[in-house]
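Colleague: got a predicted model here, sequence first, then my questions.
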Amino acid sequence: MELRQLRHFLAVAEARNFSRAAQTLHIAQPALSISIRKLEEEIGAKLLERGTRNTTLTEAGQIALESARSALAHIDDISRLATAVARGEAGLLRIAFVGGASYRILPRYLPEFRRRYPEVKLELLESTSLEIVESVRSGLVDCGIVRHPLIDAAGLSTRLLEDDPLVAAIPRGHRLASKPRLCLHDLAKEPFIQFSRTRAPSLNAIIALACRRSGFEPNVAQEALQIQTIISLVESGLGVALVPESSRASSGQAVEFRPLADHKELLKVGLALVFSAAREKRLAQNFVSTLAL
């Protein structure tokens, strides 16, 4: 049994006439009759009764009609879905992201991506830049949103999404709170809440280098991984920190933020998309294109 035969049977059953069905299918009527006869022979039952003017369904034909419609509908769905997947319009897209992406990047771009590709299922995973890079390399995720610059992005493509410079976070009521802008050296005698050296090495290295260029080694009182944890420790009065500017949007009132007047280029970090151009599937290409809007 061939799909072609089912389509021929369905056309005759709906038109109730071989001639009209043949015109609809754009085939010769004798060829249509042969196709239906072969289908009946394969099924082992007569499906259609030819009349003078119209063709009617036999009892077996009425039962076969519903099955044929269902089978063809499933085939059409499979074909449509396969085409959508090939075009990157359906399927599963795995995206890993750092916490900072949830402030502006994800709310800005995900709604538009969902609008353009409603049949794509998103699997979102929050992680660290270091772990995201390894996950993209190994193919565990399709793309990632990471802190930029990266220490090691060899073999991967990156695209800067936004600048998010580091600013000083200090407890409310701190002696430096009266200044609208700080120099990094103003923080030289303060205990620092620093990013984890092992799990957030890029930010840790940038901050340590900026402090050295200002003539001091940061007095690290505590290391933490998540930005919100660092801000909470600042709020608790355990020290000061350098954090991405976007994090002020989700902070409480017990911490204040001040821009830094010096070392701006060194402290100019941001968020970037990282992906493997060599292994990139069409879904990821469409996501990259959406982020370029």
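Modeller: Structure's in. What do you need?
Colleague: so what pLDDT did residue 85 get?
Modeller: pLDDT, residue 85: 70.
Colleague: wait, what's in contact with the residue nearest to it when sequence neighbours are not counted?
Modeller: Of all residues not flanking residue 85 in the chain, residue 91 sits nearest, at 4.8 Å (Cβ to Cβ, 6 or more residues apart in numbering). For every residue, glycine as well, the C-beta is placed using N, CA and C. Residues near residue 91 by Cβ atoms under 8 Å, 6 or more residues apart in numbering: 84-85, 120-121, 283.
Colleague: can you give me the buried ones in the helix or strand where residue 63 lies?
Modeller: Element membership for residue 63, per DSSP states H and E: helix 59-86. Using 16 or more other Cβ atoms under 10 Å as the test for burial, helix 59-86 gives 61, 64-65, 68, 85.
Colleague: same list, those residues, but as TSV with distance to residue 158 please.
Modeller: Shown next, in TSV, are the buried residues of helix 59-86 (distance: Cβ to Cβ, whole Å):
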residue	distance to residue 158
61	62
64	58
65	57
68	52
85	26
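Colleague: from those residues, which is closest to residue 154?
Modeller: Among the buried residues of helix 59-86, residue 85 lies closest to residue 154 (Cβ to Cβ), at 30.4 Å.
Colleague: need the helices for this protein, in chain order.
Modeller: For the chain, the helices defined by DSSP state H occupy 3-15, 18-25, 29-43, 59-86, 105-116, 129-138, 201-213, 227-235, 282-291.
Colleague: which one of those has the lowest average pLDDT?
Modeller: Across the helices of the chain, the lowest-scoring stretch is helix 59-86, with a mean of 78.
Colleague: so residue 180 makes contact with residue 256?
Modeller: No - using Cβ atoms under 8 Å, residue 180 is not in contact with residue 256, being 10.5 Å away.
Colleague: neighbour count winner among the two?
Modeller: Per other Cβ atoms under 10 Å, whichever of residue 180 and residue 256 has more neighbours is residue 256, with 18 against 8.
Colleague: tell me how far the more buried one lies from residue 93.
Modeller: Note on residue 256: its distance to residue 93, by Cβ to Cβ, to the nearest Å, is 39 Å.
Colleague: equivalent analysis for residue 129, please.
Modeller: According to Cβ to Cβ, residue 129 stands 20 Å off from residue 93.
Colleague: next, count neighbours for the closest residue to residue 222 other than its chain neighbours.
Modeller: Distances taken as Cβ to Cβ, 6+ apart place residue 193 nearest to residue 222, at 5.2 Å, with adjacent residues excluded. Number of residues near residue 193 (other Cβ under 10 Å) recorded here: 25.
Colleague: what sits against residue 193?
Modeller: Residue 193 sits next to 220-224, 230, 233-234, 238-241 when contact means Cβ under 8 Å, 6+ apart.
Colleague: next: residue 166.
Modeller: Residues in contact with residue 166 (Cβ under 8 Å, 6+ apart) are 203, 206-207, 210, 242-245, 260, 267, 269.
Colleague: for the residue nearest to residue 85, which residues make a bridge with it?
Modeller: When assigned by DSSP bridges, residue 91 has beta-bridge partners residue 120.
Colleague: again with the one 5 residues further on
Modeller: With beta bridges defined as DSSP bridges, residue 96 has these partners: residue 125, residue 144.
Colleague: mind listing what it touches?
Modeller: Contacts for residue 96 were tallied using Cβ under 8 Å, 6+ apart; they are 124-127, 131-132, 135-136, 141, 143-145.
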